[in-house]
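S.K.: Turn this into a structure:
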Amino acid sequence: MNSDWDAAYERELKNFKENGAPGEIWFGEESMTRLIRWIEKQKIPLDSSVLDIGTGNGVLLVELAKSGYTNLTGVDYSLPAVQLSKSIMEKEGLPHIKLQVEDILNPSDALSDFQVCIDKGTFDAISLNPDNAAQKRKQYVNSLHRVLKPGGFFIITSCNWTKEELLKEFKEAGFHLLEELPTPTFCFGGRTGNSVTALVFQQKL
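M.R.: Have a look, this model is predicted:
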């Protein structure tokens, strides 16, 4: 599975070097804007430590930096993804953003004490892993406890999990649901639903 992501980000890195295009924004710009607005609304200090889990091309970190946030870290287990995000930060003039290769299921000791952790699709990708996905989800939750400080915020956007399913995964593990962020709705057969779920949890003190 890693090799699939590596190949995808190698293509995006090549495309960025040739055309300057940063690549795909997961869940779209609107989703990213809503997420940043929520952080701003909470008046979270601009120097608070923020971790982007599965940062990919790092575009979310660029937008957070443009909004004034200064203590930003992005991790991804794909080396080409980190190389791509570093190239984008260089182009944007944002050398203070920390980017590193990390497996969130086995985080290093350097990843700790974050005030905000953001996941846009990484938990989804882990959940689709054919090799013992249930165990990997547990590992993810355990890792989240390690990297997020007590009382810290965890913001997750998912297209594979409903609100109820995410609540089951995280609430039982000591995360309190603070808010559900609005996401685009669709109507089919007279019923309205959401194809994307975005939730904000707070780790219990």
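
S.K.: any idea how far Gln115 is from Val59?
M.R.: According to Cβ to Cβ, to the nearest Å, Val59 stands 21 Å off from Gln115. Yep, even glycine has a C-beta here, placed from its N, CA and C like the rest.

S.K.: Can you list the low-confidence ranges for this structure?
M.R.: Applying pLDDT under 70 to the chain flags residues 1-28, 184-194.

S.K.: what about Val59 and Gln115, which has more around it?
M.R.: The neighbour comparison of Val59 against Gln115 (other Cβ atoms under 10 Å) goes to Val59, with 21 against 18.

S.K.: shouldn't that one be in contact with Ile88?
M.R.: Yes - with contacts counted by Cβ atoms under 8 Å, Val59 reaches Ile88, the gap being 7.1 Å.

S.K.: Quick one: residues contacting the spatially most central residue of the chain.
M.R.: Geometric centre of the chain, nearest residue: Asp119, 2.3 Å, by Cα atoms, centre = their mean. Asp119 makes contacts with Ile53, Gly54, Phe154, Ile155, Ile156, Thr157, as judged by Cβ atoms under 8 Å, 6 or more residues apart in numbering.

S.K.: could you redo the last one with a cut-off of 7 Å?
M.R.: Each residue near Asp119 by Cβ atoms under 7 Å, 6 or more residues apart in numbering is listed here: Ile53, Gly54, Ile156.

S.K.: Would you confirm that the first one contacts Leu105?
M.R.: Pointing back at Ile53 there. No - using Cβ atoms under 7 Å, Ile53 is not in contact with Leu105, being 10.6 Å away.
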